[in-house]
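Fold the following.
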Amino acid sequence: MTLQNGILSNATQAESPHYNERPDQTDISLLVIHNISLPPGKFGEPYVEDFFSGRLDSCVDPFFEQIADLKVSAHLFIKRDGQVIQFVNFNQRAWHAGESEFSGQKNCNDYSIGIELEGTDDIEYTEQQYVQLAHVSKQIMQAYPKISLDSICGHSDIAPLRKTDPGRCFDWQRYRQDLH
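Numbers count the residues shown, from 1 in each chain. Below you'll find the predicted structure:
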């Protein structure tokens, strides 16, 4: 996979309507790792893709009624089998971080790239996910040199009162070693 003009080659492209322009494309300096599963704790369903694409059917599951009106996206989604789906061009602002702050700078969506892993806080991630996450992270770091090891964090780090992902089962040590 290579990254050119904000698009990751070989990733499945599934455009989300939930994005807008960044205030400054040259300020992309943060990589945020998340997790998501829909319904919560269920894997392999098409509902995350539906959610990020703005077409989630709220009648399918009672939980979906709670999130039906949310407009959320991520730049990338890495499924349990390692498949990578890109929803938003990296040069544009995906709506993944919400109210957030990193190193005193608010509104992380303005200057970050968000990667969602199919998972939960308390279930181990797969080998395929770690391999793909490291691979795409290296590509992102090469294309956006303001992103360094010190500016890769979890959603819980930028919104600690609201979020817990990627959770206690995410192996930060392994991920960081894979980036070398």
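
Could I get the buried residue list for stretch 62-79?
F64, V72, S73, A74, H75, L76, F77, I78, K79 (16 or more other CB atoms under 10 Å). In this view, the C-beta of every residue, glycine as well, is placed from N, C-alpha and C.

Endpoint to endpoint, it covers what distance?
Start-to-end span of stretch 62-79 (CA to CA, to the nearest Å) is 23 Å.

Centre of the chain to that stretch, how far?
11 Å (CA atoms, centre = their mean, to the nearest Å).

counting residues per helix, which one in the protein is longest?
helix 127-143 (DSSP state H).

CA atoms only for the helix or strand containing E116, dumped as CSV, please.
Element membership of E116 [criterion: DSSP states H and E] is strand 112-118. C-alpha atoms of strand 112-118 as CSV (Å, rounded to 0.1, in the frame of the first residue of the first chain):
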residue,chain,number,x,y,z
SER,A,112,-5.4,14.5,13.3
ILE,A,113,-6.0,11.3,11.3
GLY,A,114,-8.3,8.8,12.9
ILE,A,115,-8.0,5.1,12.6
GLU,A,116,-10.8,2.8,13.9
LEU,A,117,-10.1,-0.8,14.8
GLU,A,118,-13.0,-3.2,14.8
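
For that strand, give me every contacting residue.
Under the contact criterion CB atoms under 8 Å, 6 or more residues apart in numbering, strand 112-118 has outside partners 28-37, 43, 48, 74-80, 90, 94, 96-97, 102, 125, 129, 133, 136-137, 140, 144, 147, 158, 166, 170.

and S37, what does it touch?
Applying CB under 8 Å, 6+ apart, we find S37 in contact with F43, V48, E118, G119, T120.

Identify the residue nearest the first one in space, chain neighbours excluded?
Spelled out, it's F43. In this structure, F43 finds its nearest non-sequential neighbour in R80, 5.1 Å apart by CB to CB, 6 or more residues apart in numbering.

May I have the secondary structure class of the one you found?
coil (DSSP: H, G, I helix; E, B strand; the rest coil).

got the contact list for it?
F43, G44, E118, G119, T126, Q128, Q129.
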